[in-house]
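J.: Got a predicted structure plus its sequence, pasted below:
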Amino acid sequence: MTVKKIIRLALLTLVALVLLFGLIQLIPLGKDHVNPPVLAEPNWDSPQTLALVRRSCFDCHSNETVWPWYSNIAPVSWLVYRDTINGREHLNFSEWGRGNQEGLDELAQTIESGEMPPFIYIIQHPNAKLSPAEKQALITGLQASLR
Ligand code: HEC
């Protein structure tokens, strides 16, 4: 292949990618950024516990999701939407009376192991990362709040 051919191929690929990017914006998926009403919250033991949960968990486990600007841009929008809907199904601090939610042991375990908040979320929200002391404070606070 000559250099000219390679350049032409690269340009064509670029144009195709830009077109594809434009086209997927038209797919009506993950754009429905509704925050349902807050029905019932746990009886938080302290403002600190609430502040920690809000900071690290609320975007995916409450009805008070802050939807970032890129949550409107596919394909990232699909991932953000899926995580939020899926997260709320497992655990929703805004629908606390609801049954079939994850239990305290499960919460503590995911926080301790660093499984939650998910790594991919922390990349975009460095502030959601919990230090070892904050993890401990959050677990203790949840134990006191969710009894
Ligand atoms: C980026 C969104 C997001 C954030 C932030 C987040 N979670 Fe999750 N969480 C999910 C999703 C999605 C699931 C569903 C299970 C899965 O797909 O891994 C889940 C599942 C869980 C589960 C069920 C156990 C499991 O692994 O399936 C627990 C418990 C949990 N999260 C606790 C928390 C706690 C506590 C925080 C805050 C410290 C938190 N999560 C922050 C998205 C999130």
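T.: Now that the structure is in, tell me what you want to look at.
J.: For the protein, which residues are neighbours of the ligand?
T.: 56-57, 59-61, 83, 86-87, 90-91, 102, 106-107, 110-111, 115-118, 121 (Cβ under 6 Å from any ligand atom). Every C-beta, even on glycine, is put in place using the N, C-alpha and C of the backbone.
J.: Touching, Asp59 and Tyr81? I think so.
T.: No - assessed by Cβ atoms under 8 Å, Asp59 is found out of contact with Tyr81, at 11.8 Å.
J.: Tell me the spacing between His61 and Ala10.
T.: His61 sits 44 Å away from Ala10, going by Cβ to Cβ, to the nearest Å.
J.: next one: Thr65
T.: From Thr65 to Ala10 the distance is 39 Å (Cβ to Cβ).
J.: again with Thr84
T.: Distance from Thr84 to Ala10, by Cβ to Cβ: 37 Å.
J.: So between those two, which is more surrounded?
T.: Between Thr84 and Ala10, counting by other Cβ atoms under 10 Å, Thr84 is the more crowded of the two (21 against 10).
J.: coming back round to it: restricted to helices, list the residues of the chain next to the ligand.
T.: 56, 59-61, 83, 86-87, 90, 106-107, 110-111, 121 (DSSP state H).
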